[in-house]
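> Provided below are the primary sequence and the corresponding predicted coordinates.
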Amino acid sequence: MDIIFLRELKVETLIGVYEWEKQVPQTLQIDLDIALPDSRACATDDIKDALNYADIVRRIQAELAARHFNLLEALAEHIAQIILKDFKAPWAKVSVAKLQAIRGSRMVGISIERGQIK
Ligand SMILES: Nc1nc2c(c(=O)[nH]1)N=C([C@H](O)[C@@H](O)CO)CN2
């Protein structure tokens, strides 16, 4: 199985359960592992046969600019469903972390794995 990975993408968004978190954007760090439906692009060397990771990043940035989520869990699920449904990936792992939300910890977050239900 071929996997596209993306590490340490920083995105500004409204996230959190507290009132101030609905007003003040915070930086999230996102890591993605996205399984590919096939490995055609390896043979053809053609972007048309690839899952264009720039498209996925643009989509995530647009979604997160337009919304507020209470929980990292719900935000991660939303991203996973976009990757599965709109980009037709068979499986994805989505990790989302808040930076410096917990004193004494560099980051805290959630990692979820989702696959297509046959
Ligand atoms: N499991 C979770 N616990 C907490 C979350 C979360 O998204 N998932 N969020 C918060 C607050 O928003 C907090 O991060 C503010 O610093 C607390 N616990």
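Here it is on my side, so go on.

> Most proximal residue of this structure with respect to the ligand?
Closest residue of the chain to the ligand, CB to the nearest ligand atom: Gly16 (3.3 Å). Yep, even glycine has a C-beta here, placed from its N, CA and C like the rest.

> Name all residues that make contact with that residue.
Contacts here follow CB atoms under 8 Å, 6 or more residues apart in numbering; on that basis Gly16 touches Lys22, Gln26, Asn70, Lys98.

> contacting residues for Phe5?
Asp31, Leu32, Asp33, Ile34.

> Alongside the ligand, which residues does the chain contribute?
Applying CB under 6 Å from any ligand atom, one finds that the chain approaches the ligand through Gly16, Val17, Tyr18, Glu21, Leu71, Leu72, Glu73, Lys98, Ala101.

> Tell me the secondary structure at the last one.
Okay, so that is Ala101. In three-state terms, and counting by DSSP: H, G, I helix; E, B strand; the rest coil, Ala101 is coil.

> pLDDT below threshold where in the protein?
118 (pLDDT under 70).

> Could you pick out the longest strand of it?
The residue-count maximum for a strand in the chain (DSSP state E) belongs to strand 3-15.

> what distance separates the helix or strand following that one from the centre of its chain?
Beyond strand 3-15 on the C-terminal side, the first helix or strand identified by DSSP states H and E is strand 26-35. Put simply, strand 26-35 sits 4 Å off its chain's centre (CA atoms, centre = their mean, to the nearest Å).

> Return the set of buried residues in the helix or strand where Ala54 lies.
In this structure, Ala54 sits in helix 53-65 according to DSSP H and E. The neighbour-count check on helix 53-65 (16 or more other CB atoms under 10 Å) flags Ile56, Ile60, Leu64 as buried.

> how many degrees apart are that helix and strand 26-35 in direction?
If you take axes from the mean of the first three to the mean of the last three CA atoms, to 10 degrees, helix 53-65 sits at 140 degrees to strand 26-35.

> returning to that earlier point: tell me the strands beside the longest strand of the chain, with direction?
strand 26-35 (antiparallel), strand 68-69 (parallel) (DSSP bridges).

> What is the most widely separated pair among the contacts of Gly16?
Farthest-apart pair in those is Lys22 and Lys98; separation 14.6 Å (CB to CB).
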